[in-house]
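Here is my input, please return the structure:
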Amino acid sequence: MRQREPNWSTVNPARVSVPGATGPDVAPALQHGDADGAAWRPAEADTSIRPGWFHHPAEDARVKTATRLFDIYCRSVGRNSKLLLNVPPTREGRLHPVDVERLMAFRDLRQAAFGEDLARGARLIWERTGTNTARAEVEFTRPIASGAVRLEEEIEDGQAVARYVVQGAADGDWTELSRGTTIGYAKIDRFATAVTVRRIRVVIEDAVRPPEPVRIKVYAAR
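Alright, predicted model coming up:
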């Protein structure tokens, strides 16, 4: 399960007027939202830890691995969506030990990857470069090895960012690390390869209104 880009938390009620509505516009409306939408309806990523929504003993060997759950997390929560993970109880009303083991391992993976924000306490520079463009830069006191960033908008007044690029620099020129469209309450970008940097910046190339400062969290290479 993954959330597609762009992912606006606002929707146009006219495109999906009632629950269960069908038509060619329904899937895109639910998968992407609408930058000009009048209703706030954040995306939901629904999936199950098992092949189906109920417990069946024959499927005890087919429970999603912790690695698979972590990937789903990064592609749903990490793309401005809510993750609704179904964990069905057995007929005895208990969670199966395999499911519990996978959930605990999933928690450990998330903690190992995102437990320490290397940008905490680092100096942040925010600069408006145009009406709907800006730059945010984090500078570290020493070189760090980074494998991912988490970007966050202040969504109390809605979303703004429509296109951005993440760049890193050691001592010389900036290098592109990732790029994307919407950010919203959370956008996790995992780099193709780990990089050693002294600075990381986010260049907002387009927004639907003047963007506010974006929070940047930086994580170590894993």
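
from here on, contacts and neighbour counts on C-alpha atoms
Fine.

Is the residue of the chain positioned farthest from its centre in a helix, a strand, or coil?
When each C-alpha in the chain is compared with the mean C-alpha position (Cα atoms, centre = their mean), residue 92 comes out farthest, at 35.5 Å. Here residue 92 is recorded as coil under DSSP: H, G, I helix; E, B strand; the rest coil.

same thing with the one 3 residues further on?
Three states are possible here, and by three-state DSSP the one that applies to residue 95 is coil.

Now do the domain split for the chain, please.
10-114, 123-220 (automatic domain parsing).

avg pLDDT for the longest one?
So the one you mean is domain 10-114. Rounded to a whole number, the mean pLDDT of domain 10-114 is 93.

Let me know the helix or strand that residue 128 is in.
Assigned by DSSP states H and E, residue 128 belongs to strand 123-130.

Can you list the helices and strands that the helix or strand just after that strand packs against?
For strand 123-130, the succeeding helix or strand toward the C-terminus, using DSSP H and E, is strand 133-152. When contacts are defined as 3 or more Cα pairs under 8 Å, 6 or more residues apart in numbering; DSSP states H and E, strand 133-152 packs onto strand 123-130, strand 187-207, strand 215-220.

Give me the next element, helix or strand, following strand 133-152.
strand 161-169.

between that next one and strand 133-152, how many degrees?
In terms of direction (axes from the mean of the first three to the mean of the last three Cα atoms, to 10 degrees), strand 161-169 departs from strand 133-152 by 90 degrees.

Between strand 187-207 and strand 161-169, find me the angle.
Using the same axes, to 10 degrees: strand 161-169 against strand 187-207 is 110 degrees.

re the thing from before, with distance to residue 4 as extra columns, can I get the domains of the chain in CSV?
Below are the domains of the chain laid out as CSV (distance: least, Cα to Cα, whole Å):
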stretch, distance to residue 4
domain 10-114, 6
domain 123-220, 10
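
Nearest residue to residue 182 in space, please, no chain neighbours.
Ranked by Cα to Cα, 6 or more residues apart in numbering and with sequence neighbours excluded, the top spatial neighbour of residue 182 is residue 162, at 4.8 Å.

Quick check: that neighbour touching residue 209?
No - counting by Cα atoms under 8 Å, residue 162 stays clear of residue 209, with 9.4 Å between them.

I am finished for the moment; much appreciated.
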